[in-house]
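Peer 1: predicted model and sequence below, questions to follow.
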Amino acid sequence: RLVLGIETSCDETAASVIEGASSAESGASAPYSRILSNVVFSQIEEHAAFGGVVPEIAARAHVSALDRIVAAALDDAQVGLADLDAIAVTAGPGLIGGLMVGFMTAKALAFGAEKPLIPVNHLEGHALTARLTDRLPFPYLLLLVSGGHTQIVLVKAVGEYERLGTTIDDALGEAFDKTAKLLDLPYPGGPNVEKAALAGDGTRFLLPRPLKSKPRPDFSFSGLKTAVRQAAENLAPLSDQDVADLCASFQVAVGDTLQDRLRRALESVADQHPSGMPSALVVAGGVAANAYLRTSLEALCEDRRLRFVAPPLALCTDNGAMIAHAGLERLLAGLVPLPDEVFALPPRSRWPLDEGAAPLVGAGK
Ligand code: ATP
Ligand code: MG
Ligand code: FE
């Protein structure tokens, strides 16, 4: 089974072709699917001057790059449109301009090649990525930490997601980016905070652990960012060591918070679904690239005797392979909308993951 995946929801223009492993190969250790190509064009340089993603610039950049990126993905995989079994595309949530570019392009390709078109929720792409590289049975617990989202989700099946907790203010990636900005570290912030923290002492500043011990496994990160700002203001002007220590202390506070909130989520699953305990903790989204946080989550899993699964770094940030894979899972599960339905659909800037397989009606904000 060959699936083309297209992703344009934020600031990466991405396309990928994956091949579902045949049942003969899909033994316990064989990956679920094989990535034949994975082309990602990051627009980071076009947005860097503004310190964040500018929607209008992003949409225009998708328009000028997408045809070439799709052609490169097909080329790298050495397949033609006629060889595909389906085309999957991110239909939301995200920046509406970029989503329109990707969805319209995918509609045109699917219509022209007479292939099924599978609209995919970007968050479902992140949620199922771990099954692209690992044989991972449902249910599992997902920690989704990206630039726009911070959620703990019980992944029960393809299209069945129960959101246990979410952030009440900033997303974790956003908190990394804002912390970097106020410490004068370059954009994008997350990787630079991680780099600076390597030379820092994480015990120097005792930063808050927002919502710690609250019964619902929600998150809040804006107070943590404010605490970093106050500490920085008290120390100004900052030495490189001060910056490193603040970054390290920030990461320690985040790691501690994630552990506490996940413990709480596991307790609530044990209360409500005693028979459906998760087999693993999966971390996904751009922040999952952070090695310190991975180690911290690994420690939690060891303690709770849970399997820990973190996708390879390149599959943590936005990419087309995760969308292709979610499309493949939907294809195999028979969750493919009728052509008439899907061609009439607009993309959705807001689309909560727990609406799952529900039709994409009620589009827009
Ligand atoms: P969403 O998926 O919610 O729509 P997005 O597409 O912007 O948002 P991703 O591309 O998945 O998110 O991730 C980008 C975020 O991940 C940014 O906020 C970035 O700072 C953060 N990030 C990337 N690498 C690291 C790292 N090593 N440590 C911490 N954060 C990181
Ligand atoms: Mg991004
Ligand atoms: Fe993303």
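Peer 2: In hand now; what should we look at? Ligands and ions are numbered 1, 2, ... in the order given.
Peer 1: which residues touch residue 256?
Peer 2: The contact partners of residue 256, taken as CB atoms under 8 Å, 6 or more residues apart in numbering, are 209, 212, 296. C-betas here are computed from N, CA, C, even on glycine.
Peer 1: any idea how many residues pack against the first one?
Peer 2: The one in question is residue 209. Neighbour count for residue 209, taken as other CB atoms under 10 Å: 20.
Peer 1: cool, and the last one?
Peer 2: Residues lying near residue 296 (other CB under 10 Å) number 18.
Peer 1: how far away is the closest residue to it other than its chain neighbours from residue 120?
Peer 2: Closest residue in space to residue 296, ignoring its immediate chain neighbours: residue 255 at 3.5 Å, by CB to CB, 6 or more residues apart in numbering. According to CB to CB, to the nearest Å, residue 255 stands 31 Å off from residue 120.
Peer 1: looking at these two now, which is surrounded by more residues?
Peer 2: residue 120 (26 against 21).
Peer 1: and that one, that one's in a helix?
Peer 2: No - counting by DSSP: H, G, I helix; E, B strand; the rest coil, residue 120 falls outside a helix, being strand.
Peer 1: count the residues that sit near residue 80.
Peer 2: With other CB under 10 Å as criterion, residue 80 counts 11.
Peer 1: now swap in residue 56 and tell me
Peer 2: For residue 56, using other CB under 10 Å, the count is 9.
Peer 1: contacting residues for whichever residue of the stretch 251-365 of the chain sits closest to ligand 2?
Peer 2: Among the residues of the stretch 251-365 of the chain, residue 318 lies closest to ligand 2, at 4.6 Å counting by CB to the ion. Taking CB under 8 Å, 6+ apart as the criterion, residue 318 is in contact with 7, 9-12, 14, 40, 122, 286.
Peer 1: of these, list those near ligand 2.
Peer 2: 10-11 (CB under 5 Å from the ion).
Peer 1: which of the contacts of residue 318 fall within helices?
Peer 2: Per DSSP state H, helices hold the following members of the contacts of residue 318: residue 122.
Peer 1: and the contacts of residue 318, which is closest to residue 111?
Peer 2: residue 7 (19.7 Å; CB to CB).
Peer 1: excluding its backbone neighbours, what's nearest the residue in the stretch 1-150 of the chain that ligand 2 sits nearest to?
Peer 2: As assessed by CB to the ion, ligand 2 sits closest to residue 10 within the stretch 1-150 of the chain, at 4.4 Å. Nearest-residue entry for residue 10: residue 94, 5.5 Å, with adjacent residues in sequence omitted and distances by CB to CB, 6+ apart.
Peer 1: and the one you found, what element?
Peer 2: Assigned by DSSP states H and E, residue 94 belongs to no helix or strand.
Peer 1: what sits against it?
Peer 2: Per CB under 8 Å, 6+ apart, neighbours of residue 94: 8-10, 122, 148, 349.
Peer 1: packing partners of the worst-scoring helix or strand of the chain on mean pLDDT?
Peer 2: When the helices and strands of the chain are compared on mean pLDDT, DSSP states H and E, helix 44-48 comes out lowest with a mean of 88. Helices and strands touching helix 44-48, by 3 or more CB pairs under 8 Å, 6 or more residues apart in numbering; DSSP states H and E, are helix 55-77.
Peer 1: let's see 6 Å
Peer 2: With contacts taken as 3 or more CB pairs under 6 Å, 6 or more residues apart in numbering; DSSP states H and E, helix 44-48 sits against no other helix or strand.
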